[in-house]
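Participant: I would like the atomic coordinates for the input below:
(4 chains)
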Protein chains: 2
Amino acid sequence: MPKVTPILLDEQLCFSIYSASKKFNHFYQSALAPFGLTYPQYIAMLVLWEDAPLTVHQLGERLELDSGTLTPLLKRLEKQGWVERVRSRTDERQVLIHLTEMATAKRDEVYTRIGQCQTLLGMSDDEIDDTMRELVTIKSQLDVVSNQRKIAKEVDKEL
Amino acid sequence: MPKVTPILLDEQLCFSIYSASKKFNHFYQSALAPFGLTYPQYIAMLVLWEDAPLTVHQLGERLELDSGTLTPLLKRLEKQGWVERVRSRTDERQVLIHLTEMATAKRDEVYTRIGQCQTLLGMSDDEIDDTMRELVTIKSQLDVVSNQRKIAKEVDKEL
DNA sequence: TTCCAGAGTATTGTATACAATTAAATTGCC
DNA sequence: GGCAATTTAATTGTATACAATACTCTGGAA
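Facilitator: Just a heads-up that it's a prediction; the model follows:
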């Protein structure tokens, strides 16, 4: 009879990452409290501060989020005065996300605040780099597997 | 004039973790498709397979989730036949989460399936251990900071 | 015994996520 | 030029998360 290996929560990498992700979320939420931004709203703003204006699709590629998540998120950002959603004139399918003047004006304030809060964490650059390198590997392995499945599905369709 | 350091999404550890967490979620969701379990439902089952029955509170401590998340999740698990929610007789405040016979019967099947899917990822034990060790450090640093804030809040209340 | 502070769970309200579908605009291809 | 396939957002439906609140129960103090 084949022995089955038990799966213990505390030994699961997925749970470490899941738990760390929630803690980071919480950390940024409270760091960003003065600006009223949630973590997903904040990373959307980061991308826009790098590169605005962007279409919903382009923003989604950077954030790995689809329009089902972004459309309501961006509407909330618009209501709070951070962005404007403008239907593109050259391609009416697209909606361009522009920064407002307030967003441009507050950018450095947010950068500074986040910089200070990150300092509180006391993480060394090496620690951060090492971890990010390992996460890159893990993520690419996850991508490979899910692409294999996608390809398998495509192959199934052909038949 | 003080220089402000720009914050680039791709250099943020938080985003690496956030993104990896979503990919893991997706990976397990598809690995668990035959059982109809979501990732949070799966980790709840993992804890219960280790230790059932547990109160909602005890389960929440292991999973780092509160009743606002667990109550509806457990109701869905109950509806799908994995658990039974039983009001404790010795302490009517508590709800004990018991495994059903089906859950006990399917445990090894889930363990096996997950084991196979994890093998597909091709991650070495060293790679996993290293990453988990680093995540433990990061999480404890995040905890320290958020506890400092909690304590700061408490101190404010005293005044 | 009665009252009350605290514990345990459920509920409410807001904000993500994401699969699946819809609707509108554009592109390719004839 | 006309139309099918594709692209882009928005919408719908389900499932987390979590703060804040409500409600019930328990144990202890007066």
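Participant: who touches stretch A:113-125?
Facilitator: When contacts are defined by Cβ atoms under 8 Å, 6 or more residues apart in numbering or on different chains, stretch A:113-125 is touched by residues A:27-28, A:31-32, A:34-35, B:4-5, B:7, B:13, B:138, B:141-142, B:145, B:148. The C-beta positions use only the backbone N, C-alpha and C, and glycine is treated the same way.
Participant: Now, those residues that are in helices?
Facilitator: When helices are assigned by DSSP state H, the members of these inside them are A:F27, A:Y28, A:A31, B:L13, B:I138, B:Q141, B:L142, B:V145, B:Q148.
Participant: Out of these, which comes closest to DNA strand D?
Facilitator: Lowest distance from DNA strand D to the ones in helices among the contacts of stretch A:113-125 (Cβ to the nearest atom of the strand) belongs to A:F27, with 10.7 Å.
Participant: Burial check on the nearest residue to the closest one once chain neighbours are set aside, number of neighbours?
Facilitator: Residue nearest to A:F27 in three dimensions, not counting chain neighbours: B:L142, with 5.3 Å by Cβ to Cβ, 6 or more residues apart in numbering or on different chains. The criterion is other Cβ atoms under 10 Å in any protein chain shown. On that basis, B:L142 has 22 neighbouring residues.
Participant: Next, find the distance separating B:L142 from A:D125.
Facilitator: In this structure, B:L142 lies at 17 Å from A:D125, with Cβ to Cβ, to the nearest Å as the measure.
Participant: OK, contacts around the residue of chain A found nearest DNA strand C?
Facilitator: Across chain A, no residue is closer to DNA strand C than A:G68, which sits at 2.8 Å (Cβ to the nearest atom of the strand). Residues near A:G68 by Cβ under 8 Å, 6+ apart: none.
Participant: circling back to that earlier point, does the residue nearest to A:F27 really touch A:N25, like I thought?
Facilitator: No. B:L142 lies out of contact with A:N25 (Cβ atoms under 8 Å); the separation is 9.9 Å.
Participant: pLDDT at the closest residue to A:L9 other than its chain neighbours, what is it?
Facilitator: Across the structure, with Cβ to Cβ, 6+ apart as the measure, the residue nearest A:L9 apart from its sequence neighbours is B:L46 (4.8 Å). Turning to B:L46, the model gives it a pLDDT of 98.
Participant: Contacts only, for B:L46.
Facilitator: B:L46 makes contact with A:I7, A:L8, A:L9, A:Q12 under the criterion Cβ under 8 Å, 6+ apart.
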